[in-house]
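Engineer: quick one, what's the 3D model for this:
(one chain, ligands or ions: 2)
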Amino acid sequence: MTGAPILTAAQMRAAEQAVFASGVPDYALMERAGAAAAAIIWRAGGLRDMLVLCGPGNNGGDGYVIARLLRERGVAVRVAALGESRTPSSQRARAEWGGPVEDLATAAPATQVVDALFGTGLSRGLDAAVAARLGELTQAASHSHAIDLPSGVETDSGALLSAVPRFRLCVALGALKPAHLLYPAAGCFDRLIYGPIGIAAPDQVHRLGPPRLMAPGVEAHKYTRGLVAVVGGAMAGAARLAAQSASSSGAGMVRLFAMDEAAAGPDAIIHQQVQTAADVAIALDDERIAVVLVGPGLGRDAAARDRLAATVTAGHRLVLDADALTLLAADAIPQGSILTPHEGEFRRLFGDLPGSKIDRARVAAAQCGAVVIYKGADSVIAAPDGRVAVAAGASTWLSTAGTGDVLAGLVGGRLAVTGDPFRAASEAVWLHGDAARRAGAAFVADDLPDALPAAIAARL
Ligand SMILES: NC(=O)C1=CN([C@@H]2O[C@H](COP(=O)(O)OP(=O)(O)OC[C@H]3O[C@@H](n4cnc5c(N)ncnc54)[C@H](OP(=O)(O)O)[C@@H]3O)[C@@H](O)[C@H]2O)[C@@H](O)CC1
Ligand SMILES: [K+]
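Structural biologist: Ligands and ions are numbered 1, 2, ... in the order given. The predicted structure follows:
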């Protein structure tokens, strides 16, 4: 389930210092980085002629190493620089390149372009003329490669500090950075390839990786596999969709407590009409229930508020979604819950927190003692203890009505199966993304539960 580590610029610098402290000379690390990137670019672009754009810092230094190594392989390489090299390692890399260095302002384009202008040391947007040159040269190349990061993206937040062209390939050196997964920066390249350089990374923040799931044991029955209760409300369809998703998530049983008969779904889901808050309290007075999901289709009126209060009071493990996130205050969220806010719900609950989406999700999770799935094209899953998984690259077709209800049901189901909120949230986000990939294009949310069994089977 754990994918590649994600490090901020400051954490990268600390990891780099630890390598130096272990006796590796500064320039040796730059050689490693340049060699890792050169090997990846060679596989992507082969002998096509190349222009390497080198900035003043160590990102530029990597560029000179790449230029030298690819020249040794027979590539016709030219280098264009933005001023002098300012760090000792990049000065040495430039000297070892030893070839001509053109002016970035006037350099002619090439079939391949390598952007080694700025990486994790970018402190502000590029000057307009430099950003324009980068754009022109990148567009003119059929093969464009960004070294470590596309120049102009802010490492830790994924914001664009100036105009950034789209690259075919981005080579992440040493570790992923938040900007590789957070939008808009994550949209500035088609492919991301990781180039290892032998640094040790802290292990709290990762890219979401594929989960390892388990088939039920021989002694399993429907209650040991987890009973999910879904408390519905005014809008029957959303709760039904969530219940359907929960029932295809691997859980043992799903009960749907809905306000009317129209909410009845497939026969495997036990449907019970539950009108008032008092009815909800009675329905949830069942110790076999492992998890209660509330929010999809709940409504926002006084009756909905009462049903939600009765649900929270019942004291079961909760998954809170949609209207439940609009009705509840952050300090009323029971510890150990899972929350699934999108941007608007997140801001309403937690206000305008500072920092990147990763920082905000972490603070929110710690504040309320719950696992937060901060949804979007880049979903961030944060646990109260600081663990974070970032999911990127999900199908853009997920931006359709009802997919959030499906995710909520899946989260409830995986929580009923595993009993571990961070694990359940991570598994659910992965399976949701994989189900969408299997559903293909232009699917509707109703198609996703049907794709879940195959997504689960692929992870056993
Ligand atoms: N850390 C590691 O483990 C390893 C790192 N490696 C590589 O090093 C990269 C980080 O290198 P880095 O720290 O030297 O920063 P880098 O991105 O080259 O730029 C800094 C320079 O640019 C300048 N500058 C900034 N913004 C500017 C702007 N808008 N317009 C103009 N100038 C601007 C800034 O000056 P200042 O902000 O002081 O004005 C400074 O001079 C990293 O991404 C990776 O590729 C690998 O080699 C080995 C392992
Ligand atoms: K770069």
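Engineer: sec struct for residue 201, please.
Structural biologist: Residue 201 carries the three-state label coil when classified by DSSP: H, G, I helix; E, B strand; the rest coil.
Engineer: can you tell me who the closest residue to it other than its chain neighbours pairs with across the strands?
Structural biologist: Excluding its sequence neighbours, the residue lying closest to residue 201 (CB to CB, 6 or more residues apart in numbering) is residue 5, at 3.9 Å. No exception for glycine: its C-beta is placed from N, CA and C like everyone else's. On the basis of DSSP bridges, residue 5 is bridged to residue 206.
Engineer: would you agree residue 5 is in contact with residue 175?
Structural biologist: Yes. Using CB atoms under 8 Å, residue 5 is in contact with residue 175, at 5.2 Å.
Engineer: what do the two both touch?
Structural biologist: residue 201 (CB atoms under 8 Å, 6 or more residues apart in numbering).
Engineer: more neighbours, those two?
Structural biologist: Set residue 5 next to residue 175 and count neighbours by other CB atoms under 10 Å: residue 175 wins out with 23 against 20.
Engineer: need the contact list for the more buried one.
Structural biologist: Counting by CB under 8 Å, 6+ apart, residue 175 touches 4-7, 11-12, 15, 194, 199, 201.
Engineer: pLDDT and distance to residue 54 for the residues you listed - can I get that in JSON lines?
Structural biologist: Listed next are the contacts of residue 175 as JSON lines, based on pLDDT from 0 to 100; distance: CB to CB, whole Å:
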{"residue": "4", "pLDDT": "87", "distance to residue 54": "27"}
{"residue": "5", "pLDDT": "92", "distance to residue 54": "27"}
{"residue": "6", "pLDDT": "96", "distance to residue 54": "26"}
{"residue": "7", "pLDDT": "96", "distance to residue 54": "23"}
{"residue": "11", "pLDDT": "96", "distance to residue 54": "25"}
{"residue": "12", "pLDDT": "96", "distance to residue 54": "19"}
{"residue": "15", "pLDDT": "94", "distance to residue 54": "23"}
{"residue": "194", "pLDDT": "93", "distance to residue 54": "22"}
{"residue": "199", "pLDDT": "89", "distance to residue 54": "22"}
{"residue": "201", "pLDDT": "82", "distance to residue 54": "26"}
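Engineer: contacting residues around the residue nearest to residue 201?
Structural biologist: With contact set as CB under 8 Å, 6+ apart, residue 5 has these partners: 175-176, 201-203, 205-207.
Engineer: make it 6 Å
Structural biologist: By CB atoms under 6 Å, 6 or more residues apart in numbering, residue 5 lies in contact with 175, 201, 206.
Engineer: can you show me the strands along the stretch 51-200 of the chain?
Structural biologist: 77-81, 101-103, 112-116, 143-147, 167-173, 189-195 (DSSP state E, counting those that start in this stretch).
Engineer: among those, which is the most enclosed?
Structural biologist: For those, the largest average neighbour count (mean count of other CB atoms under 10 Å) is found in strand 112-116, namely a mean of 30.
Engineer: so what does that strand touch, helix or strand wise?
Structural biologist: Using 3 or more CB pairs under 6 Å, 6 or more residues apart in numbering; DSSP states H and E as the contact test, the elements touching strand 112-116 are strand 50-54, helix 58-72, strand 143-147.
Engineer: and of these, who's closest to ligand 1?
Structural biologist: Closest approach to ligand 1 among these (CB to the nearest ligand atom): helix 58-72, 3.1 Å.
Engineer: any part of that closest one near ligand 1?
Structural biologist: Yes. Interface with ligand 1: helix 58-72 contributes 58-62 (CB under 6 Å from any ligand atom).
Engineer: of these - the most surrounded one?
Structural biologist: Most surrounded of these: other CB under 10 Å gives residue 62, at 34 neighbours.
Engineer: just checking, that one touches residue 115?
Structural biologist: No. Taking CB atoms under 6 Å as the definition, residue 62 is not a contact partner of residue 115, at 10.6 Å.
Engineer: burial count for the residue in the stretch 201-350 of the chain positioned nearest to ligand 1?
Structural biologist: In the stretch 201-350 of the chain, the residue found nearest to ligand 1 is residue 201; the distance is 10.1 Å by CB to the nearest ligand atom. Residues within reach of residue 201, counting by other CB under 10 Å, total 18.
Engineer: quickly note the distance from residue 35 to ligand 2.
Structural biologist: Separation of residue 35 from ligand 2 (CB to the ion, to the nearest Å) stands at 17 Å.
Engineer: next helix or strand past the helix or strand bottoming out on mean pLDDT in the chain?
Structural biologist: Using mean pLDDT, DSSP states H and E, the weakest-scoring helix or strand in the chain turns out to be strand 2-5, at a mean of 82. With elements assigned by DSSP states H and E, the helix or strand that comes after strand 2-5 is helix 9-21.
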